[in-house]
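Asker: okay, here's the prediction I keep looking at, along with the sequence it came from:
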Amino acid sequence: MDADWWRQAVVYQIYPRSFADANGDGIGDLAGIISRIGYLEQLGVDAVWLSPFYPSALADGGYDVDDYRDVDPRIGTLEQFDALVAALHEAGIWLIVDIVPNHSSNRHRWFQEALASAPGSPARDRYIFRDGLGAGGSRPPSDWTSQFGGPAWTRVPDGQWYFHTFTVEQPELNWDNPEVRAEFLDTLRFWADRGVDGFRVDVAARLAKKFPEPMPSQAELSRIPSGPDSPVYDRDEVQSIYAEWRRVFNEYDPPRMAVAEVWVNSPERRARYARPESLGQAFNFDLLKADFDAEQFRRIVTSNLDQVKLSESSSTWVLSNHDVVRHATRYGLRPDGGRPGGRGDRWVNDGAPASQIDRGLGLRRARAATLVELALPGSAYLYQGEELGLGEVTGIPDEQRQDPKFWRTRDDERPSVGRDGCRVPLPWTRSGPSFGFGPDDSAAGPHLPQPDWFADCSVEAESGDPSSTLGMYRRALELRREMQGGETLEWDDGLSVGDVLAFSRPGGWLCVANFGDDPVPLPSGRVLVSSAPLIRPGTDGPARIPGACTVWLSIDAGR
Ligand code: BGC
């Protein structure tokens, strides 16, 4: 089997609780995914990345894991998991699962044991417990804050404090503890033995920690760059963990792949996770953070393709995932809406009131950006629903919100709108109480409310229409499969002028993207796919590419 299958794979992320609900309890499940494998096949993806499906109280959308070797009973059973692996493989689709090693949930048997054990006990040593400061240790060991708002330390009844970067329900594991290391190696084997082909490693850069005494303040901590000197992020020792993981991955044929979720800016540091002796691939979120802008896209593509030389891996490209505002909405934020023109990571986790969103423009640009992404060498990670052109669901009533980030940042100066808006259950049919997400006679409605406009973005509405977003994705993935060659790209400097970005791939495949508002001439060649209708000449003149549109052309080798 091809050990390098992942290098240029199109990977489709499934957030299982929102994909398809077979049993009608309002929550997506494994049986639902199995029932939609034909859809994935027709879409033409190479692999599925399954976000956490483990037992969880859902304090953080499943990233609070109660048991790393089981399936949440609301989602299915281990037998169904095995059936899913078999059915995906039968369809020629690889399976990557999410692994969450930085923290367990507070309901995990280890944390329960730690709570029931004395300070200083081996059970406490699996987590990060410390005594507090001041009289009776009543102040936390430091003033550090959690990424989801509020303090990063929580006190337990006997007076000690435990550390959590995320919610209170996500106590952080101590990776200096050999038992923790051994347990995860066994967990990786557990899933690899069941036929899982790879792992997406959650918060991969955070596992190794070293807290100096005295602890720096939050203000001081924020000034320490990530890397060897940081107490918490991207320390060198984290690589020794992944070297052990790699040995496990290489016990299998083909070796299991892994992709690191790292938000490290330095190319050299990011490359460490993508090295063959480490996890093998690392996410690059640069495109996801960029504006819809030719110059930014070119800079990012160039630098990321350079960076892979440091790691021998392939590049990764991401425009949307379960943590950020969907790209069809990000690109539609009105620059006059009090937002910084859609710039940077300040708002990728943020949102905007519906009045600030131009949905038509956002979708046009999203389709154009997607065709650029899919023409690039490396692997493309797609997020469920983007192939339907789904935008963010805004205006979810507070009482239906689930994301802890929404609740825990409410008093902040810039509260987050949370991540529920990109996690709303998918619309499969034009009508019905849950647009086909669950059976029409379901006892429960979808676990997050779907807006009326989902009807027009449903699989049913788009399926028969080649000009729909779904039609475009299907065609592009089909072409990509046929045309994907070497992992190189050549900029066409003659065409890449102003708002236009053009590059060719081996085999005479040219991608031309017009990021501007005004039409530009269509270069010669056979049009393979276009993200928007081209402007055809009337009586004379050449055809043109409209604003916010990308075209793929087949060109003569000698052009
Ligand atoms: C996941 C998030 C999650 C966090 C904590 C992330 O990077 O993608 O969804 O909230 O890790 O596990």
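Answerer: Received, thanks.
Asker: going forward, measure contacts between C-alpha atoms and count neighbours the same way
Answerer: Noted.
Asker: got the phi/psi numbers for the residue of the stretch 1-150 of the chain found nearest the ligand?
Answerer: Residue nearest to the ligand within the stretch 1-150 of the chain: Tyr63 (4.6 Å; Cα to the nearest ligand atom). The phi and psi torsions at Tyr63 (degrees, to the nearest 10) take the values phi -80, psi 10.
Asker: which one is the residue in the stretch 451-559 of the chain that the ligand sits nearest to nearest to, not counting chain neighbours?
Answerer: When scored by Cα to the nearest ligand atom, the stretch 451-559 of the chain has Pro451 as its residue closest to the ligand, at 22.8 Å. Nearest non-adjacent residue to Pro451, counting by Cα to Cα, 6 or more residues apart in numbering: Val393, 7.1 Å away.
Asker: what is the burial count for the one you found?
Answerer: For Val393, the count of nearby residues is 23 (other Cα atoms under 10 Å).
Asker: same deal with Phe285?
Answerer: Phe285 has 20 nearby residues by other Cα under 10 Å.
Asker: quick check: the most centrally placed residue in the chain vs the ligand, distance?
Answerer: Closest to where the C-alpha atoms of the chain average out (Cα atoms, centre = their mean) is Asn321, at 3.6 Å. Asn321 sits 8 Å away from the ligand, going by Cα to the nearest ligand atom, to the nearest Å.
Asker: I'd guess that residue is in a helix, am I close?
Answerer: No - applying DSSP: H, G, I helix; E, B strand; the rest coil, one finds Asn321 to be coil, outside a helix.
Asker: Ile37 and Leu88 touch, don't they?
Answerer: Yes - using Cα atoms under 8 Å, Ile37 makes contact with Leu88 at a distance of 6.9 Å.
Asker: who has more neighbours, these two?
Answerer: Leu88 (22 against 17).
Asker: that's a helix at the more buried one, yeah?
Answerer: Yes - counting by three-state DSSP, Leu88 is found in a helix.
Asker: show me the contacts for it.
Answerer: 34, 37, 94-95 (Cα atoms under 8 Å, 6 or more residues apart in numbering).
Asker: picking up where we left off before, what about the residue of the stretch 451-559 of the chain closest to the ligand, neighbour count?
Answerer: Neighbours around Pro451, by other Cα under 10 Å: 15.
Asker: re earlier: number of residues surrounding the residue of the stretch 1-150 of the chain closest to the ligand?
Answerer: Tyr63 has 26 nearby residues by other Cα under 10 Å.
Asker: quick check: pLDDT value at it.
Answerer: You'll see Tyr63 listed with a pLDDT of 98.
Asker: my read: it touches Pro52, true?
Answerer: Yes - counting by Cα under 8 Å, Tyr63 does reach Pro52; the two are 6.3 Å apart.
Asker: for this protein, which helix or strand comes out least confident on mean pLDDT?
Answerer: helix 404-408 (a mean of 80; mean pLDDT, DSSP states H and E).
Asker: can you name the element that comes right after it?
Answerer: helix 459-463 (DSSP states H and E).
Asker: check the offset of the very next helix or strand once past that following helix from the chain's centre.
Answerer: Where DSSP H and E defines the elements, the next helix or strand beyond helix 459-463 is helix 469-483. The chain centre lies 21 Å from the centre of helix 469-483; the measure is Cα atoms, centre = their mean, to the nearest Å.
Asker: could you export helix 469-483 as CSV, CA atoms only?
Answerer: The C-alpha atoms that make up helix 469-483 are tabulated as CSV, following Å, rounded to 0.1, in the frame of the first residue of the first chain:
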residue,chain,number,x,y,z
THR,A,469,-20.8,24.9,-4.9
LEU,A,470,-21.1,21.2,-4.4
GLY,A,471,-20.9,20.7,-8.2
MET,A,472,-17.7,22.8,-8.2
TYR,A,473,-16.1,20.8,-5.4
ARG,A,474,-17.0,17.5,-7.1
ARG,A,475,-15.6,18.6,-10.4
ALA,A,476,-12.4,20.1,-8.8
LEU,A,477,-11.7,17.0,-6.8
GLU,A,478,-12.2,14.8,-9.8
LEU,A,479,-9.8,16.9,-11.9
ARG,A,480,-7.3,17.1,-9.0
ARG,A,481,-7.2,13.3,-8.9
GLU,A,482,-6.6,13.1,-12.6
MET,A,483,-4.1,15.9,-12.7
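Asker: adjacent strands (with direction) for the helix or strand immediately after it in the chain?
Answerer: Where DSSP H and E defines the elements, the next helix or strand beyond helix 469-483 is strand 490-491. In the sheet, strand 490-491 lines up against strand 500-505 (antiparallel) (DSSP bridges).
Asker: gap between Gly362 and Tyr12?
Answerer: 21 Å (Cα to Cα, to the nearest Å).
Asker: anything in the least confident helix or strand of the chain near the ligand?
Answerer: No - judged by Cα under 6 Å from any ligand atom, helix 404-408 makes no contact with the ligand; its nearest approach is 8.4 Å.
Asker: over to stretch 106-125?
Answerer: No - using Cα under 6 Å from any ligand atom, stretch 106-125 never reaches the ligand; the gap is at least 13.0 Å.
Asker: which parts of the stretch 301-450 of the chain sit against the ligand?
Answerer: Asp323.
Asker: right, and Gly76 touches Ile27 too?
Answerer: No - when contacts are counted by Cα under 8 Å, Gly76 is not listed as touching Ile27 (10.6 Å).
Asker: out of the two, which sits in the busier spot?
Answerer: A count of neighbours by other Cα under 10 Å puts Ile27 above the other of Gly76 and Ile27, at 24 against 20.
Asker: for that one, which three-state class applies?
Answerer: Applying three-state DSSP: Ile27 is coil.
Asker: isn't it right up against Ser18?
Answerer: Yes - using Cα under 8 Å, Ile27 is in contact with Ser18, at 6.5 Å.
Asker: and for these two, which residues touch both?
Answerer: His447.
Asker: run the chain-centre distance for stretch 101-119.
Answerer: How far stretch 101-119 lies from its chain's middle: 27 Å, per Cα atoms, centre = their mean.
Asker: these two touch, right, the residue nearest to the centre of the chain and Leu382?
Answerer: Yes - counting by Cα under 8 Å, Asn321 touches Leu382, with 7.3 Å between them.
Asker: thinking again about what came up before, tell me, what's the model's pLDDT at the residue nearest to Pro451?
Answerer: 90.
Asker: list the contacts for it?
Answerer: 420-422, 424, 450-451.
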